[in-house]
Each structure stands twice: as C-alpha cells, then as structure tokens.
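*Asks:* The sequence and its predicted three-dimensional model are supplied below.
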Amino acid sequence: MAPGMSGRRGAALLCLSVLLAHAASRSHPASPSPPGTQASPILPVSYRLSHTRLAFFLKEARPLTPAAINGSLQRSEPFVVFQTKELPVLNVSLGPFSTSQVVARELLQPSSTLDIPERLTVNWKVRAFIVRARVPASQPVAQVLFYVAGRDWDDFGVTERLPCVRLHAFRDAREVRSSCRLGGALATCLVRAELPLAWFGPPAPAAPPSARRKSPDGLEPEAAAESQQVELYYTLHAPDASGGCGSARRGPGPGPGAAARAESPTQHPLLRIGSISLFRPPPRRAVQEHRLDSNLMIRLPDRPLRPGEVLSILLYLAPNSSSAASPSVEHFTLRVKAKKGVTLLGTKSRSGQWRVTSELLTGAKHSTATVDVAWALDTPLPPWEGQGPLEILQLDFEMENFTSQSVKRRIMWHIDYRGHSALPDLERAVTELTVIQRDVQAILPLAMDTEIINTAILTGRTVAIPVKVIAIEVTGLVLDVSDLVECQSHSEDIIKVSSSCDYVFVSGKESRGSMNARVTFRYDVLSAPLEMTVWVPKLPLHIELSDARLSQVKGWRVPILPDRRSARESEDEEEEEEERRQSANRGCTLQYQHATLQVFTQFHTTSSEGTDQVVTMLGPDWLVEVTDLVSDFMRVGDPRVAHLVDSNTLAGLEPGTTPFKVVSPLTEAVLGETLLTVTEEKVSITQLQAQVVASLTLSLRPSPGSSHTILATTAAQPTLSLVKQEALLSLWLSYSDGTTAPLSLYSSRDYGLLVSSLDERVATVTQDKAFPLVVAEAEGSGDLLRAELTISESCQKTKRKSVLATTPVSLRVHFGRDEEDPTYDYPGPSQPGPGGGEDEARGAGPPGTAIPAGEVPGLGTAGPVPPTEDYLPLPTGFLQMPRGLTDLEIGMYALLGVFCLAILVFLINCIVFVLRYRHKRIPPEGQTSMDHSHHWVFLGNGQPLRVQGELSPPAGSALETVPACCHGDHHSSGSSQTSVQSQVHGRGDGSSGGSARDQTEDPASSPTSKRKRVKFTTFTTLPTEELAYDSVPAGEEEDEEEDLGWGCPDVAGTTRPTPPPDLHNYMRRIKDIA
C-alpha cells in the first residue's frame, strides 16, 4: 500500500479508538450487582392543608394493606379537620407540579344535625341545659336553654340563618311541645314549655310553719319523694316563611318514637336532653318570721327585694306574751334603725286597740324612727292566749337604688318597755334583707367549644377557649353576667381558668386529661359548673425513622460544608458560588444516607374523674402526626454523629450512636426518644429507579371505617397527552442494605442529574438543576429517556468515577389522535427510514409540522439523501448538564481535537490532488509557444535521444525569438522544476540527478556527460501556476492518440521523436495511483 494511504487509515483508526474510549467512560454502569429485596418506592408528593384552624394528618396504627394504597404512581394520606370557618383546601405538590382540591361539605360533616344552607358547620353541636331540674306546681314551666357549641362567636353573619329548636316533653303517653329560634351573638334561645297541672299528681299535706325546713335546693323533702318524671327531647327544623318557629302544642301524643315518625321526612330524629321532676309542694305563705323578744315578732316576705320596692313589715304580739313573768306590753317604745340604702317611709296602726305615734329622722348614713305604742282601751290588756299573733302596727320601708347586682341591707330593732329596764344588747334583733337588681333563677356558663385539645404540651403555646356566663330570670329573660362572676378550677392539672373568668385554657404544664374537667362559676348566691373534655397527647411520642442505620454511600462524594443546613437553605446565588469555592478548598467526603422522620401520637383522656379508663380520640387505630408542632424542639443528642437537615430529614455525619429526641418546650423534659446509628459500613447504590410524572390527580373520599376522617389519594399520570406538555421524573435510590430513598431527600448541590432524550423527535429535555423537565414533541413509546446520576460538580476534579447510577426511563407520548392521523413510528432493521431530506425533517417534528431541510443538521438543501437499508434512529448524543470538565476529559478532548485537525488537513490535500490531477490536459499538437514552460529531466546512462548536431539549432534559425529547449527559462519554472525533481526522486528508478542549473553549466562535449548524461526537453503545457507533477499527457488518456513526444519540438515543424518506454510506464503508474 502506498505510504499516503497507510497514514490516512492509521489516523482514522486512532480517531475512532479515542471516540470509543470516551463513550465507554460516559456509559459506565452504577453497579453490576443485582439489588436485593428493596422497599417499594412511593410517590414522593407533599400534602398541605390550608384554611383550617385545627387539622391533622393521620396514620393507621395497624395498616391492613399499605402496599395496595401507596406505590410509585399513587399515594394516599388520611387527615381529619376539627375546626374551620370555611371549606379547607388540600394541596398536593411534586417538584414544580401541584394541584389543589376543596374539601366538600359532605366529607367534613357527613351526619351533622345542624345543617345550614351554604354554610359550613363543622364541629358545631347543639347543647341543651335544663334550667330547673325540679319544677313545682306553682310554676309549671319546663325551661331548657339551647346554644350552638363549636361556632366562632365572632361570626355574626350566620346568626340570622340559624334553625328553630323544638322541645318535646313526654310523660307517659302525653306530649307537650314548644319552640324557639337560635340567635344572638351566642346563638342561644330559651324554650319555655308550660306543663299541665295534671302531670304534677295529688297535692301534698300541709305542714306547720315551724316544721318547714328547706333542703339545700330550696325544696321540701316531702316533695322530692312524690315527684313525677318527665322526659325531654328536642329536634331541629327550619323556620317558616315569616321567620317564626310555630306555636306551642299541648295534648296527648303517641310517645317519643311515634312523635319522631310524625315529623316531616327531612326532620332530624329526636335527641334526648334528660329528665325533670315535677312536684306539688304543700300550700304555705311565702313569709318569714323573726322574734324581736318573747312578746313581739315581725313578719316580712321571704324573697329577694328589688331596688325601689316598698317593703311592709308587720309587728305582732306573740301568743302567750301576757304572762306574769313578762314585762307589761301595754305601753312600749319601738326604736328602728335602718342602714343606708333603706328608708323608713312611715308607720300606721293595724288595729284600733293600739295607739301609735312615731317620730322619723333621716340621716346621711342611716334613718331612725321612734314609735310609741300604747294600749288604747281603758281596761287592762288581758292575757293573749289566742291561736295566732295579734297585729299591732305596720312599718313601710323603701329600697334605694344601687349599682351592684345584689346587696345586703340591715334593720335593727330595739324595744323599751315603760317601767322596766331595757333588754340586753344581745337580745336586740337584726333583720337582714337581700336586695337584687334582677330576679335570677339560674346561671349557665357557656364555652365556645366543649372540647379542648392540649397541644400546648407539644408547642408551649397556650390553648384557650372563651367562656360566657348567662343568667336566666324568673320571667325568662336571658342576661350576660360574665363580668360579675367568680370562678375556680377543680383541678389545675387538667384545665385552668383566667382570673377574669372569661376563658379556660391549658398552658402545657398539665399532666392529664378528663372527659368532665370542671370549672365552677359563682354569681351572688348561685353557682354552676362548666364541664369540658380535655384531650392530652399520649407520651412518649412515637418517632418513626425511615432508616435507623445510616451508612456512607460508595463513590458518592460531596463537598465539605461548615453547616449543611444553612448551605441547603441558602437561595442567594452569590452565597452559593462562595460556598462552592470554599468547599473546593476544603475538599470532599463521602455522602451519608439520609432518613425521613415523622412524629406521631394519640390524644387521649380518662372517661371520668376517679377512673382509669382511657378513651382515645378517633379510636385506637389512628395515630396523629405532630411533626410540624414539635419541629422546633427536636434535638440530636450528639451533633457530631448526625444533624437535622430540615424538620423532616436526618443525615449522618460520622460513625456513632446518638439519641434523637423531642423535648418539652417548657421544662426540657423528654417527650419522645429513639436511637439513631451511623455505621462505618459503606453501602452502594444498586439501582436508580425513575418514573415519568406528567400530571397529578387528587381525589378525596371518606376513610373506610371512620366517618370523621378523610382519605386523600394522589395518582400520577405517566402518559403525555399534549404537544409541548411537560413532565418530570420521580427518582428513587435503592441501596445495597435494602433501603430506598427519594432523590429529592438530598440537596441538589450534592449530586448532578443528567436526563437525556434518546430520540428528540419524540421528546426533548429541558435541563433544570433540581427538576429536569421532559417536553413532548411527537407520539411514541419505549425507553426513550436516560437518567444519569453523578457526583457533585466540585468533587469531579479527581480521577474517580463520577457516574453513580444510570437507568433507562420508559416514556409514552400519546396525543389521542385518530388512526389516520400521521404519527411518527420507529423504523426497525427491516423498515427503512425516510429517504428524502424533507421527509426526514418532517419526521423529526410533531405530526403535521414541516421543517425545512436546511435547518436539520446533517441534511443538505441541494438534493435528496439516498435511502439506506439499515437505518435506525440512533441517539445523536446526550444533553449535557451545565457542569465543569475533569482533567481527564480536558486531555481527551484536546487530543481528539488535534487528531481531527490533522485528518482534516490531510483530506483537504487529497481532495486538491485528485481535482487537479483530473483536470490537467496536454495542449494540442502544433502549439508553438506559451508564457511558461515545464522542464522534464531525464536521468540515466542510455544514449541521448538526438545527436549533438540534432540538438544544436541551425544558424539563422528562429531560436533567438523562441526559448531554447535545452536552456529553458530557469527563473520562470524553477519551482516546478524543483517539484519534478522531488517527485522523480521519490517515484523513479533510483537514478540520481541534479538540478537544471547544474546541467547547463556542463558543456555538451564534457567527458563526464558520456557517463551520466542529463538531457532537458521542453514541451508545451498548461499555465505555469499548475504543478508539474499534476500534468497528465494527453496521449495517455486515449489509446488512439499518438505517444507523447520526447524532446524539443522543431520550430520548422520537424517530426517529434518517440518517447522512451520508461517515461510511458511512469506516467501510467501516476494515473493508476490517482
């Protein structure tokens, strides 16, 4: 083989070997070892609830089939909403993709008894309070106060849309109904149902006044023994057209069950309130008696007094008062002193047998009266042995106004008998009067909610619920007396109450809960308890780690940062660049595995005080996630072993074992703890799993087996169905220890992600640092993508392998067009690809889109490209991530560039040689002169072509005007001559030769010319700018033409001599080589 051809093929082989070596270094697999039993990847979406006041995500304590719910394309999450004023919104996100859905009312309140059109009543409850548990026949009215618990008291827009409440009172087969409508700032109403007297039974026998002793509740013991029970129920119904609730109904009824059936089909069922006792007290006067001494007594009404009311007190002569031992009562003086607030208006005699004179004196602090009483008859006062007291006189007092709710007023009595000394002061009588602003029969404390969840133990933030205290007068008037009450908690280990009694709260220092935590409120002489349900978190907290043993990952090197957390959370580009330069100076270290963490608990309480029965909120099968509540109080025992990347991620730092705990925000006590181990063992990435996510679909439904919880399910759609639709990759790492982790768990600064499209006609990739996006271009399916995980850019400056794992990614693009629509199909080995340039360009784009051939790389615009039999749509290269090059890559690329440049120069030379060789032609015979001549040198020991005489021109010839053959123009053809010498020397028969200059200096008759003769001959050629060795004689191209003439053409037109055979063979070899 010719030397030129061998050099050209060697350079091409060297260039091809470099390309193959570079491609092999880029496609190195992560690990050839097959993975073990790996945990299934789960769609790494994030849920977030908004527009709620109190809501929790949940987890089943004993999940039945978790694998059927969660997977790489689906993830379910249960949650519960306790308090909200509007419809909550659930948002689910994955990278730049997100979708939201409003939680429907039917899911929030599936069986609510309080339904208001176009209004959310989550956690609203109608509470009922019986005003008087025992109803006397003297006041035959059943009174029940209703109010809505769980409603925000600042929400005034709903007060005009509240329903009516109907009270049902049943005794045996008889029923009484009465209604009221909820309203006002507290959404309350008082139902008063008048009961028939026949329900009270027969009257009890009268008891003497001396035997009346009241029970603590103001009723007599005989009445309690003969009480009748009445059952109370209620229902809710919408008001009528005028906004009223209808009139009361009295009469026989078929009983509670039948009454419920008698309601309209949309009516809620009867809800039980409780029972009341009816009794008929014995007839008696509502007065009270006070003995002033052994002779005199007074009577006054047994009830509280009102401001401005006139009180009449009667003075009586007691029976058996005229005994011999008693002083004479025929004439005595009564002195009365009334304290401030009570004014004595006057006195008058109640009988003509007594003469009464009085003197009144009113002072600044008190008023006094001196009353002189004398027997008016001439006969002496006989002994009084009558059955009843004898009336003497009447004293009228007026109650003055005051600002407080109730006051105590006193009246002092002193009697002076004529002729007898005054009685000792100890026997002076004092009467105490109660004056009230309102006649209140009961007080009721109302809380905005009946339950309180003690999250203060976890967060340290107080949880409070407002409280109002209302008073109910005898007339049925409802008053707010919250500012006038006193309060006290029965157990501050469960619940506390504010000093102003306007709210109850938990501060986080409580130790237990209760179903009936009690706070007592007092108003004057009345008191009432407020009972609440307090839920507390179950301790210790349950801390769940996705991986409790963290190891280093082989080959995964990350830059050493002083604070991994701050570096990850930084969003300033300048700070990132500065940290990158600093990390390059500090070096790199192996990456430790990361673990996700979640904190769960159960809120529980005791069934009642004095028992240990535990009641769990939502039941024992649910765990409540409180990770967000305790995120500020998570602690790593040894910060050198591990650290918190964020509130949901733990990362190892160095081998060791450390506790991870949640501490109390108030006392630093440990609320929950678990052990985390960072081992010295190294794990490898066995697999990189990738799933295309084109869109997210969110669905909500009630959780099976629970009417309070909601199950949110997110499904990922892997198929791209629109042109230019974007999709992302959900990536998971599988480790050799059997654990899996989403790639999003790691900071995007710790790795490089390269996603390549294997056919850009179907899909292209938009590179992003954290989330590369796949863009649909045309229909197709298969493993059209490739994901490659590399180490961090700043750690790729060594000779270590930078590729951690690669994986093909399945992609399906289907636009849903009809079958006749043009779509792009993948040609196989037996199916040739497009033949023309325009068809090829059209196939690379979406259906129906034509791309000019000139804009497609590798296609010309001059003509079509011939089809090939083995056409396959091979990838043209991987899209590069914007990252730096290693030293090895720089050297390889430099060497490749040098070789490619050398090959390019060589090919240019070859092309120029071929073109010039093919276009050279010998001028036609008989051409006499040209501007330039080429000189051919014959080297050899043979005889000359002509004798000396023949070579010498005759005298008088035209040689003076025509250049001589043997003495050619050296100046005009020097370069051509030199090239001819070189060419002849490289391809001749081995004979040596000199230059033309040397040949002309030797005479023709020199003795040395016979041993080695050099002859010059000149023939007409193409212009002198063409190289001599590119000239091809015309006689060599056509066999019919005569042979090339050798020697100088005769000016006179003589015949040219025949060329030697050596030159003929030499020129033929040049043609064959070309």
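*Replies:* Ah, there it is.
*Asks:* only C-alpha atoms for contact and neighbour calcs from this point on.
*Replies:* Will do.
*Asks:* Any regions of the stretch 251-400 of the chain where pLDDT drops low?
*Replies:* For the stretch 251-400 of the chain, applying pLDDT under 70 flags the ranges 251-268, 283-285, 321-328, 381-387.
*Asks:* Let me fix that, I meant to ask about the stretch 1-150 of the chain.
*Replies:* 1-39, 63-69, 110-113.
*Asks:* mind running it again at 80?
*Replies:* 1-40, 62-70, 109-120 (pLDDT under 80).
*Asks:* helices and strands around the top strand by length along the chain, which ones?
*Replies:* The residue-count maximum for a strand in the chain (DSSP state E) belongs to strand 670-683. With contacts defined as 3 or more CA pairs under 8 Å, 6 or more residues apart in numbering; DSSP states H and E, strand 670-683 has these neighbours: strand 542-545, strand 549-559, strand 656-663.
*Asks:* strand partners of the second one, parallel vs antiparallel please.
*Replies:* I take that to be strand 549-559. strand 588-592 (antiparallel), strand 670-683 (parallel) (DSSP bridges).
*Asks:* Which one of the ones you listed has the poorest average confidence?
*Replies:* Least confidently modelled of the strands paired with strand 549-559 is strand 588-592, at a mean of 90 by mean pLDDT.
*Asks:* List the contacts of that strand.
*Replies:* Here strand 588-592 makes contact (CA atoms under 8 Å, 6 or more residues apart in numbering) with 550-560, 651-653, 795.
*Asks:* Just the terminal-to-terminal distance for stretch 666-673.
*Replies:* 17 Å (CA to CA, to the nearest Å).
*Asks:* what are the ranges of the helices in the stretch 451-600 of the chain?
*Replies:* 456-459, 564-569, 573-586 (DSSP state H, counting those that start in this stretch).
*Asks:* Which of the contacts of strand 588-592 are buried, as a ChimeraX select command?
*Replies:* In ChimeraX syntax, the buried subset of the contacts of strand 588-592 is picked out as below (16 or more other CA atoms under 10 Å):
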select :550,551,552,553,555,556,557,558,559,560,651,652,653,795
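*Asks:* ok, so of the contacts of strand 588-592, who is nearest Val481?
*Replies:* Taking CA to CA as the measure, Val481 lies nearest Ala651 of these, at 57.7 Å.
*Asks:* Out of the helices and strands packed on strand 670-683, flag the one nearest Thr806.
*Replies:* strand 549-559 (13.7 Å).
*Asks:* Strand 656-663 and that closest one, what's the angle between them?
*Replies:* The directions of strand 549-559 and strand 656-663 differ by 100 degrees, with axes from the mean of the first three to the mean of the last three CA atoms, to 10 degrees as the criterion.
*Asks:* residue ranges for the helices of the stretch 1-150 of the chain, please.
*Replies:* Applying DSSP H, counting those that start in this stretch to the stretch 1-150 of the chain gives helices spanning 3-26, 66-69, 105-108.
*Asks:* now do the stretch 151-300 of the chain
*Replies:* Applying DSSP H, counting those that start in this stretch to the stretch 151-300 of the chain gives helices spanning 221-225, 256-262.
*Asks:* related to what we said a few turns ago, export the strands paired with strand 549-559 to TSV and tack on distance to Met412 and mean neighbour count?
*Replies:* Formatted as TSV, the strands paired with strand 549-559 follow (distance: least, CA to CA, whole Å; neighbours: other CA atoms under 10 Å):
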stretch	distance to Met412	mean neighbour count
strand 588-592	91	19
strand 670-683	65	18
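*Asks:* Mind checking these for the one nearest to Ile911?
*Replies:* Among the strands paired with strand 549-559, strand 588-592 comes nearest to Ile911, with 52.4 Å by CA to CA.
*Asks:* Where in the chain is the helix or strand with the lowest mean pLDDT?
*Replies:* helix 837-844 (a mean of 32; mean pLDDT, DSSP states H and E).
*Asks:* picking that back up, weakest of the helices of the stretch 451-600 of the chain by average pLDDT?
*Replies:* helix 564-569 - the lowest mean pLDDT of the helices of the stretch 451-600 of the chain, at a mean of 40.
*Asks:* and the end-to-end length of stretch 188-201?
*Replies:* 33 Å.
*Asks:* buried ones in it?
*Replies:* Buried residues in stretch 188-201, counted by 16+ other CA under 10 Å: 188-195, 197, 199-200.
*Asks:* which parts of stretch 138-154 are buried?
*Replies:* Neighbour counts over stretch 138-154 (16+ other CA under 10 Å) mark 140-152 as buried.
*Asks:* Save the residues you listed as TSV, and put in distance to Leu888 too.
*Replies:* TSV is the format used below for those (distance: CA to CA, whole Å):
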residue	distance to Leu888
Pro140	102
Val141	99
Ala142	96
Gln143	93
Val144	89
Leu145	86
Phe146	83
Tyr147	80
Val148	76
Ala149	74
Gly150	70
Arg151	71
Asp152	69
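*Asks:* List the ones among the residues you listed that fall in strands.
*Replies:* 141-149.
*Asks:* tell me which of the residues you listed is nearest to Tyr417?
*Replies:* Val141 (50.4 Å).
*Asks:* contacting residues around the closest one?
*Replies:* Going by CA under 8 Å, 6+ apart, the list of residues near Val141 reads 135, 192-195.
*Asks:* any chance of those in JSON lines, plus distance to Arg418?
*Replies:* Below are the contacts of Val141 laid out as JSON lines (distance: CA to CA, whole Å):
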{"residue": "Val135", "distance to Arg418": "51"}
{"residue": "Arg192", "distance to Arg418": "58"}
{"residue": "Ala193", "distance to Arg418": "59"}
{"residue": "Glu194", "distance to Arg418": "57"}
{"residue": "Leu195", "distance to Arg418": "57"}
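*Asks:* Looking at those residues, which one is closest to Ile392?
*Replies:* The nearest one, if we look at the contacts of Val141 relative to Ile392 and count by CA to CA, is Val135, at 37.6 Å.
*Asks:* now that closest one, nearest residue through space, not along the chain?
*Replies:* Take Val135 and drop its neighbours on the chain: the residue closest to it by CA to CA, 6 or more residues apart in numbering is Leu278, 5.0 Å away.
*Asks:* buried ones in the top helix by length along the chain?
*Replies:* Ranked by residue count under DSSP state H, the longest helix found in the chain is helix 887-919. Neighbour-count burial for helix 887-919, counted by 16+ other CA under 10 Å, picks out 896, 900, 903, 917.
*Asks:* Who are the packing partners of that helix?
*Replies:* helix 3-26.
*Asks:* can we see that at 10 Å?
*Replies:* helix 3-26, helix 1061-1073 (3 or more CA pairs under 10 Å, 6 or more residues apart in numbering; DSSP states H and E).
*Asks:* residue boundaries of the strands in the stretch 201-350 of the chain?
*Replies:* Here the stretch 201-350 of the chain has its strands, by DSSP state E, counting those that start in this stretch, at 228-237, 249-252, 271-279, 287-291, 296-301, 310-317, 331-339, 342-349.
*Asks:* Select, out of those strands, the one closest to Arg161.
*Replies:* Counting by CA to CA, Arg161 lies closest to strand 228-237 out of those; the figure is 11.8 Å.
*Asks:* Tell me the strands beside that closest one, with direction?
*Replies:* Assessed with DSSP bridges, strand 228-237 is paired to strand 164-171 (antiparallel), strand 271-279 (antiparallel).
*Asks:* Out of those strands, which one sits most buried?
*Replies:* strand 164-171 (a mean of 23; mean count of other CA atoms under 10 Å).
*Asks:* neighbours of the residue lying closest to Pro808 once chain neighbours are set aside, just the number please.
*Replies:* Counting by CA to CA, 6+ apart, Pro808 lies nearest to Arg786, which is 4.5 Å off, once chain neighbours are set aside. Here the number of neighbours of Arg786 (other CA atoms under 10 Å) works out to 17.
*Asks:* Touching the helix or strand Ala741 falls within from outside, list them.
*Replies:* If you go by DSSP states H and E, Ala741 is part of strand 740-742. Residues outside strand 740-742 that contact it (CA atoms under 10 Å, 6 or more residues apart in numbering) are 38-44, 546-547, 593-596, 685-690, 730-735.
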